[in-house]
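Asker: whatever this is, show me its structure:
(chains A and B)
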Amino acid sequence: MKVKKILLLFIFLLVGSLTCLGKVQASTDTSLQHVKQKGTLVVGTSADYPPYEFTVKQNGQTKYVGLDIEIAKQFAKNLGVKLEIKNMNFDSLLVALETRKVDMVISGMNPTPERQKSVDFSKIYYRGKQYMLINQKDATRFKNIHSFRGQTIGAQTGSLQYQLVQQQMKGNHLKGLAKLNDLVIALQSGKVNAVAMEEATAKAFAENNTSLKVINPNFNVKASQTGSAIAFHKNSPSLVAAANRTIDQIKQKNLINQKYIPLAGKYMSNNSRKNTMWNYWTYFAKGIEYTLLITAVSVCFGFVLGTLFSLMRLSKIKIIHLLAVWYIEFVRGTPLMVQVMFVYFGIGTVIQAMPALIAGIIAVSLNSAAYVAEIIRSGIQSIPIGQAEAARSLGMSQHEAYRYVIIPQALKNIWPALGNEFITLIKESSIVSIIGVGDLMYEMQLVQSATYKGVLPIFIAMVLYFVMTFGLSNVLGYFERKMKHA
Amino acid sequence: MPKDDLMIEVKHLKKTFGNNLVLKDITESVKNGQVICVIGPSGSGKSTFLRCLNVLEQPTDGKVLFEGNDLTGISDEELNQLRQKMGMVFQSFNLFPNLTVLENIELAPVKVKKFQPTTAKAKAMDLLTQVGLAEKADQYPQSLSGGQQQRVAIARALAMNPEVMLFDEPTSALDPEMVGEVLKVMRDLAESGMTMVVVTHEMGFAKEVADQIWFMADGYIQEKGTPAEFFAHPQTDRAKDFLSKILL
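Answerer: Numbering: from 1, shown residues only, chains lettered A, B, ... in the order given. Okay, the predicted model is just below:
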C-alpha cells in the first residue's frame, strides 16, 4: 500500500509540475517580443510535402525548400531575425508547438476547428484543392470518390485528407501513415489503391513518377477547410498579427503563384534529374555517423547506469532496491518510441533548449540502462557466493570484492548478452528519427522525399544497418574469444 | 596466563537460520599459536561456527572477539581491517577463475594492503615455493588439480600475513590421493607456529597436529581436550558414539 501511495504521489507531482509550467507561460503575450529578443525564428515543418516543403541537396548540404519555406523566410526577414527550420513528423508538429520546441508551424496545415482549439492560426495564405493520387493503370477505374467504394485509401495521419476520407468515403478502408513517401510506396506496391493528397503535392508526385496519376475525386470541401495557414502557440496575437502582415504583403505581390511555386517546381525537377542513390551518399554517411554516435554514447551511459541500477537492485537497503526495481520495470514496460517522445516533448518543457539529439541520446541511454541492469544482475548472481566470501575473507570491502572479483567474472559471463543488447541498440536507435534526429532512418526518409524513390533507400538503409550490426557482432566475437583464454 | 595471549574469544555465540538454531551457546577461546581441530558429525554446526569467527556469518547473538575487538559490533571498515589478519581456506577452494595462480595471490595484497606490485609478486612466489607450486604461477586455476588448487588457496590466504588461519574442511572436496599434499602444507604451517582453527574430518591429522580437539554436536561444543585424551578417553556419550562410527 505504501509503495502505491508513493508512486501515486510521484506521478501527481510530475503531472502537476508540467501543467503548472504550461499555465505560467501562457498568461501574457510576449510572443513577438520573445522571438525578436532571441533573434531566431524557429519553424517546425514536415519536409516531405512538395511543393510546400521538401528537401534538396545542395553542395552536399540538406536544404529545406518549398513555398512554405519561402514564406517563413520572408516572415523572418520582416521580423529582422534569423530563420531556423526544424523538420519532424507532421503528427509531432503541434506538440512541438505546444511544448515550445518551435515558434511556429508552417506545413501546408489547414486551420481546422479542432486545431484552432489548441493553437492560434494566421490568415489563410494558400488554397489548394483536395486530390487523389492513383496508379496510372487504374486511371479508367477511378473517377470520383464513389468509384473507390471498397478500396483502401491512404492518407497522412492527422491531415485534412485523412478526415475527408474518414467522413466522405465511409465504404472504404482507410490506411493512415505518418509520411507521404510511405503512402506513395504503399500505392506503388498496391497496398493502397489511392492516396488522398493536397493538389500541389499530388501533382508533384505525379510529375516525378510517370506511373502515378492525379485525379480530382470531388471531395465535398468547405472553403474554410482547404486553405493553409501558419500555426502559433495559443494566445500569441502579436506574433499572429505580424505573420498576417507578411501574408498580406506576399498576397499583394502574388509571390506564391509567381515566384514560390515555380521555384519549388525547379527544385523538384532538379531533384528528379539527380535522383540516383549515389548522389545522396552523403545523406547515408551522415545518417550512419549519427546512428553510430547515438549508439556509442548510449552504450557508454547505458552501461554505467545499468551497472548502477543492477547494484541498486541487489542492494539490501529496501528503498534503493525498490527504486531500481521500479525503474527497470517501468522502462521495460513502456515502448522506446513513447520514451523518446516523452523525453523530447515532456522533459523538454522543463528544459527548453534541449536539442533533439540530446533528447534522443538520453532516452535511448535510459532505456538501454534498464536492460543492461538486468543483464548485469543476472551475471552477478551467476557468480558463486564462494567468490565473494573468498574476497571478503581476504579483507576486501564489499565494494572491492565487486570491483576486483565479481564484476570482472560477471562481465565475462554476460558478454554475449551485453553484445546482443548493443547490437539491438544500433537498430532501436532508429526510433529517434521521429523527433527529427538525423540518424540513418531519418536520412533515409530525406532521400525518399528528395528522390521520389520509395523502396531503394529502404533497401540501402537496411543493408547499411546490417553492415553495422554484423561488424559490431564480429568485434564482440573477437573479444569474447579473447576473454575465453583467460 | 596473560590476557593478551588470547587471540580469539567467543562468548555465548548463537546463530539461527530462520527457525533453525544452529549454534546454541558457545563460549571458547583460542590462544596465540594454538592449533584447534574442530570435529564432529555432519550438520553439527562446525562450519557455521568457523564462519562466525571472521563474521562471514553474522552471529545472531553473543560476541566474537579478535585480539580484544568485538567483531560483531564494529564498523565495516574495521571489520575489513581485522579480516586481513584472519586467513580463510574453503572446502571448495574459491580461487578466482579469471586470474592466474600468481594473480590470485597478489590481488588482495596489492588492492587491499597497497603493496608495491613487485613486492607482492616476490612474496607470492615465495609462498608458491613454500606450497610447492612455483612452476604453476602463470596457469589458471582450472588447469590445476584439486590438491594444487587448495594449496594455492592456502598461499593466497597467507599472502596477507594473517595471524590466524581458519580452515573450513579443506580436504573434503579432494580426491583421496590429493589429501596428503594439502595436509602436509598445513602441518608445515602448524609447525611454523601459526595459530590455526581447522574444521576437519581428517582424524589422523587432528590427532597428530592439534593442540586441542573441540568436539562439536547439536550446536554445542560437547567436549574438548588434547588429542590423546579425546581419542583415548572420550567423556560424553555423543563423542563415544561419534568415535565408534569412524575408522581411525
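
Asker: tell me the spacing between the closest residue to chain A within chain B and A:Ala391.
Answerer: Closest approach between chain B and chain A, counting by CB to the nearest CB: B:Gln84, at 3.3 Å. C-beta: built from backbone N, CA, C; applies to glycine. Per CB to CB, to the nearest Å, B:Gln84 is found 12 Å from A:Ala391.

Asker: what's the answer for B:Ala217, then?
Answerer: Per CB to CB, B:Ala217 is found 32 Å from A:Ala391.

Asker: looking at these two, which one has more neighbours?
Answerer: Taking other CB atoms under 10 Å in any protein chain shown, B:Ala217 and A:Ala391 do not tie; A:Ala391 has more neighbours (25 against 20).

Asker: and the more buried one, that one's in a helix?
Answerer: Yes: A:Ala391 forms part of a helix when assessed by DSSP: H, G, I helix; E, B strand; the rest coil.

Asker: show me what contacts it?
Answerer: By CB atoms under 8 Å, 6 or more residues apart in numbering or on different chains, A:Ala391 lies in contact with A:400-401, A:404-406, B:96, B:108.

Asker: between these, which is closest to A:Leu94?
Answerer: Closest approach to A:Leu94 among those (CB to CB): A:Ile406, at 50.3 Å.

Asker: correct me if wrong: that closest one contacts A:Ala388.
Answerer: Yes: counting by CB atoms under 8 Å, A:Ala388 is a contact partner of A:Ile406 at 6.1 Å.

Asker: spit out the residues that contact B:Gln84 and A:Ala391 alike.
Answerer: B:Ala108.

Asker: run through the stretch 151-300 of chain A and note the low-pLDDT ranges.
Answerer: A:269-275 (pLDDT under 70).

Asker: specify the local secondary structure of the closest residue in space to B:Val112 that isn't next to it in sequence.
Answerer: Spatial nearest neighbour of B:Val112, excluding adjacent residues (CB to CB, 6 or more residues apart in numbering or on different chains): A:Gly395 at 5.1 Å. A:Gly395 falls in the coil class when you classify it by three-state DSSP.

Asker: now do the same contact list for A:Gly395.
Answerer: Counting by CB under 8 Å, 6+ apart, A:Gly395 touches B:80-84, B:108, B:112-113, B:160.

Asker: just the buried ones from those?
Answerer: Buried by 16 or more other CB atoms under 10 Å in any protein chain shown: B:80, B:82-84, B:108, B:112, B:160, out of these.

Asker: B:Asp25 sits in which helix or strand?
Answerer: Here B:Asp25 is covered by strand B:20-31, with elements defined by DSSP states H and E.

Asker: mind listing what residue 38 touches?
Answerer: Here I'm looking at chain A. Contacts of A:Lys38 by CB under 8 Å, 6+ apart are A:Val81.

Asker: hmm, no, I was thinking of chain B.
Answerer: B:46, B:49-50, B:197-200, B:214, B:216.

Asker: return the subset of the residues you listed lying in helices.
Answerer: Members of these lying in helices (criterion: DSSP state H): B:46, B:49-50.

Asker: neighbours of residue 45, just the number please.
Answerer: Unless you meant another one, I'm taking chain A. Applying other CB under 10 Å, we find 27 other residues in the vicinity of A:Thr45.

Asker: chain B is the one I meant
Answerer: Quick note: B:Gly45 (other CB under 10 Å) scores 23 neighbours.

Asker: what's the pLDDT at it?
Answerer: Listed pLDDT for B:Gly45 reads 91.

Asker: distance of it from B:Leu13?
Answerer: 10 Å.

Asker: which neighbours do the two share?
Answerer: Shared contacts of B:Gly45 and B:Leu13, defined by CB under 8 Å, 6+ apart, are found at B:Leu23.
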